[in-house]
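[1] Pasted the sequence and its predicted model underneath.
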Amino acid sequence: MKKEFENIELKTEEIVINMGPQHPSTHGVLRLVVTLNGEVVVNVKPYIGYLHRCFEKHAEAMTYPQVIPYVDRLDYLNAMNNELAYVLAVEKLLGLEIPERVEYIRVIMCELQRIASHLVAVGTYGNDIGAMTPFLYCFIDREMILDLFEMTCGARLLYNYIWIGGLSHDIPKEFQPKVKKFIKYFRPRIKMLNDLLSYNKIFIERTANVGVLPADVAINAGASGPTLRGSGVKWDLRKNDPYSIYHKFDFDIPVGKGEVGTIGDCWDRYMVRIREMEESLKIIEQAIDNIPEGDVQSAIPKKIKPPVGEVYFRSEVPKGELGFYIVSDGTPNPYRVKARSPSFVHVSLMNQISQGAMIADLIAILGSFDIVLGEIDR
Amino acid sequence: MDNYITQFLGENVISYFIVPIPILIFVALFALYAVWAERKISAWIQDRVGPNRVGKFGLLQTIIDTIKLIQKEFITPDRADKILFNTAPFIVFTAAFMGYAVIPFSSIFIGIDLNLGLFYFFAITSLGVIGLMIAGWSSNNKYSLYGAMRSVSQIVSYEIPTALSALTVVMLAGSLQMQTIIEKQAGGIHNWYIFGGPGGPVKIILIPFMVISFVILFLSTLAETNRNPFDIVEADSEIVAGVHLEYSGMKFAMFFFAEYAEMFAVSAIISTLFFGGWQSPFGDLIPFLNSPIMQFFWAIAKGLFFVFVQIWIRWTLPRLRVDQLMTICWKYMIPFAFLCLFVVGLYVVLV
């Protein structure tokens, strides 16, 4: 028996695991081909394209307003902010003046949407780490925001609400009191979420010092949004390159400080989202009582036919910096629409920062970027 | 005499076949309703309604689910090792069920009161890991293999703190026999081993160490039954479902039956060791509460309480990582278990 095994050299092999496109924690249809040495990650290769819907090519066959519903579907958890980015780009091309009332309502809607999007990010992140309950608590709160949207425009996920030059519907009478009620209700809920998840010992153990993204790497890669701010870079387009009426509001930009670990770890990225929800509440609070009177559809042009030219407009969406590059050839259809999506950049960082992590960390890192595949594949 | 049935029929082959039947019925019913309870309690924790369509409060839900699972096809993956793949669920379930042989339900009912009862229990329940390993290996799936690898390292590590913390009670009771351990705790709540067991006022120094032992035992049994926060074996967000991944129908349900059966088994062991098993907390103050029939109630109620705590923890805490799991076991639990063992040993020798 012994002799038989004498000349056999024991060798270890790396194992290749195909994570996704059907996997509970790849947040959609991302496929990660992971090379593992035991539990330790050696290499990660993301494969995308499972949700490709030809958005950019489609847009060339549409008139400018017809593109808006497609924009909704880029990052389906964040339709309002996508609409705002696209609409502001077209308005810049047209050189439109927008009534103040429209601007206020847009900002309120976008900040509500930001909270809703961050709630999904935070909740699913808890679920990735193994805590199921915060996920459902977050969805209860998100539900209330969706009710507000439904009350205003009838849709709960994909709104087609922000139009070029105006809005599809004015806000109903009960909207303002309901938003105030929501703000009052939501502040203690953030505290509860912090007690339940953010400062949970196990959660901190799992996320602190994991997936550290240094600030220089983040900047070089073109990361933006909470991912960049988690690394300690104070960069928010609402402050650094203000659009719409964001310059009128007083709010802070939370950045990762490495409270429980290193600056730029998963916990910092997570916590930036929690703090941003509070800042968004501040903005809504300042805006909700000051909505001027007016007509939300008065500025909508009869014929949308921008002059020949091109425009790039970027705005801060919950995931980062969403940019639209639009080329007009003077016809009612855009000649080219290009979307620059933040998640696309973030998923490309996966391999760099998950070297040497474990499988469980890989899930934690992926979750901390809060990617949405609709936006990556377009 | 171990139990009433053996007393009635005598020690013969027939009684050996009859004694397990009520236990099996209990385990089956418990597993069914533990699933229901898990869903209801999680719903309650998460602000949901939970199952409420089938029967009053959804009480028949798990029965319907089982019927559905029985009707389902057994899918054996193409490249799987067919014999091992199909045997594994039975090994897992059998190991979990055999532990019930030494669980005392009352002073008149225990499957068999071995004089090595506790030793037998820890030995037989850890057989389940072989089943999990076979399941993971034979599925021919990488995720399953990872689940198997994790389960082996986890369960083998956590055997040590489990045994060490249980040994404190064994030293105090001077026996591994379940009924003896429980009988030593007669006389009321103050005589339970969590409060140092029977003894003079000196036993107060034991209380903190017994509490630590209990916490270690409880946490390590959580790990042995693969419950959150130690459920890395079936971590659904990482390795999807671990060893269960390729199983379907009733074979899949067998794993769940085993998990829930084991949940109650370890809870019963914890209540036996530290909380007086079937002893009434009022001792002999109210003789009716300590009658053999009421002892069933106490034994099951204490077991169910710990099952409830397990469910509660599962739906509250996030999951640990593999290396953190090992760190907790080897760097914290085992040294503390040794400390408790040392102090209790000194106490036994000196007092």
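    The structure has been received and is ready for your questions.

[2] what are the ranges of the strands in the stretch 51-200 of chain B?
    Under the criterion DSSP state E, counting those that start in this stretch, strands of the stretch 51-200 of chain B are mapped to B:104-106, B:109-110.

[3] ditto for the stretch 251-378 of chain A
    With DSSP E, counting those that start in this stretch as the criterion, the stretch 251-378 of chain A has strands spanning A:309-317, A:320-328, A:334-340.

[4] Tell me who's in contact with the residue in the stretch 101-250 of chain B that chain A sits nearest to.
    Nearest residue of the stretch 101-250 of chain B to chain A: B:Ser237, at 4.2 Å (C-beta to the nearest C-beta). Every C-beta, even on glycine, is put in place using the N, C-alpha and C of the backbone. Contact partners of B:Ser237, counting by C-beta atoms under 8 Å, 6 or more residues apart in numbering or on different chains, are A:Pro24, A:Ser25, A:Asn127, A:Asp128, A:Ile129, A:Gly130, A:Ile363, B:Arg319.

[5] Can you tell me the closest non-neighbouring residue to it?
    A:Ser25 (4.2 Å; C-beta to C-beta, 6 or more residues apart in numbering or on different chains).

[6] Assess the claim that the one you found and B:Glu238 are in contact.
    Yes. A:Ser25 is within contact range of B:Glu238, at 7.1 Å (criterion: C-beta atoms under 8 Å).

[7] Those two - which one has more neighbours?
    Comparing A:Ser25 with B:Glu238 by other C-beta atoms under 10 Å in any protein chain shown, the one with more neighbours is B:Glu238, at 30 against 23.

[8] Would you mind measuring from that one to A:Gly356?
    Per C-beta to C-beta, to the nearest Å, B:Glu238 is found 17 Å from A:Gly356.

[9] Please list the residues of the stretch 151-300 of chain B that sit near chain A.
    B:Asn228, B:Pro229, B:Asp231, B:Ile232, B:Ala235, B:Asp236, B:Ser237, B:Glu238, B:Ile239, B:Val240 (C-beta under 8 Å from any C-beta of the partner chain).

[10] What parts of the stretch 51-200 of chain A come near chain B?
    Neighbours of chain B within the stretch 51-200 of chain A, by C-beta under 8 Å from any C-beta: A:126-133, A:136-137, A:140, A:196-197, A:200.

[11] could these be laid out in a markdown table, adding pLDDT and neighbour count?
    A markdown table is the format used below for those (pLDDT from 0 to 100; neighbours: other C-beta atoms under 10 Å in any protein chain shown):
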| residue | pLDDT | neighbour count |
| --- | --- | --- |
| A:Gly126 | 88 | 26 |
| A:Asn127 | 86 | 22 |
| A:Asp128 | 86 | 28 |
| A:Ile129 | 87 | 32 |
| A:Gly130 | 83 | 25 |
| A:Ala131 | 85 | 25 |
| A:Met132 | 85 | 21 |
| A:Thr133 | 88 | 21 |
| A:Leu136 | 89 | 18 |
| A:Tyr137 | 90 | 21 |
| A:Ile140 | 89 | 14 |
| A:Leu196 | 86 | 18 |
| A:Leu197 | 87 | 27 |
| A:Asn200 | 88 | 21 |
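
[12] Mind putting those residues into CSV with secondary structure and distance to A:Pro318?
    CSV is the format used below for these (DSSP: H, G, I helix; E, B strand; the rest coil; distance: C-beta to C-beta, whole Å):
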residue, secondary structure, distance to A:Pro318
A:Gly126, helix, 17
A:Asn127, helix, 18
A:Asp128, helix, 17
A:Ile129, helix, 20
A:Gly130, coil, 24
A:Ala131, coil, 21
A:Met132, coil, 23
A:Thr133, helix, 23
A:Leu136, helix, 20
A:Tyr137, helix, 19
A:Ile140, helix, 19
A:Leu196, helix, 21
A:Leu197, helix, 18
A:Asn200, coil, 23
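
[13] Nearest to B:Glu38 among those residues?
    B:Glu38 has its nearest neighbour among those in A:Met132, at 11.8 Å by C-beta to C-beta.

[14] So that closest one sits against B:Trp315, correct?
    Yes. A:Met132 lies in contact with B:Trp315 (C-beta under 8 Å); the separation is 6.3 Å.

[15] which residues do those two both contact?
    B:Ser42, B:Gln46.

[16] Quick one: residues contacting the residue in chain A that chain B sits nearest to.
    Closest residue of chain A to chain B, C-beta to the nearest C-beta: A:Gly130 (2.7 Å). By C-beta under 8 Å, 6+ apart, the residues touching A:Gly130 are B:Asn228, B:Pro229, B:Asp231, B:Ala235, B:Ser237, B:Leu317, B:Pro318, B:Arg319.

[17] Now for B:Phe342, how many residues are close by?
    12.

[18] Centroid-nearest residue for the chain?
    You didn't pick a chain, so chain A it is. With distances taken as C-alpha atoms, centre = their mean, A:Lys319 lies nearest the centre of chain A, 2.6 Å away.

[19] not what I meant, chain B
    Of all residues in chain B, the one closest to the mean position by C-alpha atoms, centre = their mean is B:Val266, 2.3 Å from it.
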